[in-house]
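Peer 1: following is a predicted model, sequence given first.
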Amino acid sequence: MAYLYLRYRSRVRVKQVLIKEYKGHYSNAGSAVVLNTFAAFLAIAMFGLVLGALISPVVQWLRN
């Protein structure tokens, strides 16, 4: 997987990390990258919604 090679830049290190963290399968590494990316976008969206819910009443109060 290109992600591991870009991150570790060594075939030996990639093989070590692949065995240690991803049970020796590129599919596990790929699914971890996709799930972490999805979780980050979801966290940002939730933060935006909460921030909007907190700011909206203040803006309405200031307008009146």
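Peer 2: That came in fine, so what should we check first?

Peer 1: host element of Ile19?
Peer 2: In the assignment (DSSP states H and E), Ile19 maps to helix 11-22.

Peer 1: run the angle between the helix or strand following that helix and helix 11-22 for me.
Peer 2: Downstream of helix 11-22, the next assigned helix or strand under DSSP H and E is helix 26-63. If you take axes from the mean of the first three to the mean of the last three C-alpha atoms, to 10 degrees, helix 26-63 sits at 70 degrees to helix 11-22.

Peer 1: let me know whether Tyr8 touches Val14 as I believe.
Peer 2: Yes. When contacts are counted by C-beta atoms under 8 Å, Tyr8 is listed as touching Val14 (5.1 Å). C-beta here means a position set from N, CA and C on the backbone, and glycine is covered the same way.

Peer 1: which of those two has more neighbours?
Peer 2: Neighbours were counted for Tyr8 and for Val14 using other C-beta atoms under 10 Å; Val14 has more, 19 against 15.

Peer 1: give me the pLDDT for that one.
Peer 2: Looking at Val14, its pLDDT is 91.

Peer 1: what number of residues lie near Ala29?
Peer 2: 19.

Peer 1: from Ala53, how far out is the residue nearest to it when sequence neighbours are not counted?
Peer 2: Closest residue to Ala29 apart from its sequence neighbours, by C-beta to C-beta, 6 or more residues apart in numbering: Tyr22 at 4.3 Å. Plainly put, Tyr22 is 38 Å away from Ala53 if you go by C-beta to C-beta, to the nearest Å.

Peer 1: so if I had to pick from those two, which one is more boxed in?
Peer 2: Between Tyr22 and Ala53, counting by other C-beta under 10 Å, Tyr22 is the more crowded of the two (17 against 9).

Peer 1: so what's that one up against?
Peer 2: Counting by C-beta atoms under 8 Å, 6 or more residues apart in numbering, Tyr22 touches 28-29, 32.

Peer 1: do you know how far it is from Asn36?
Peer 2: From Tyr22 over to Asn36 (counting by C-beta to C-beta), the distance is 13 Å.
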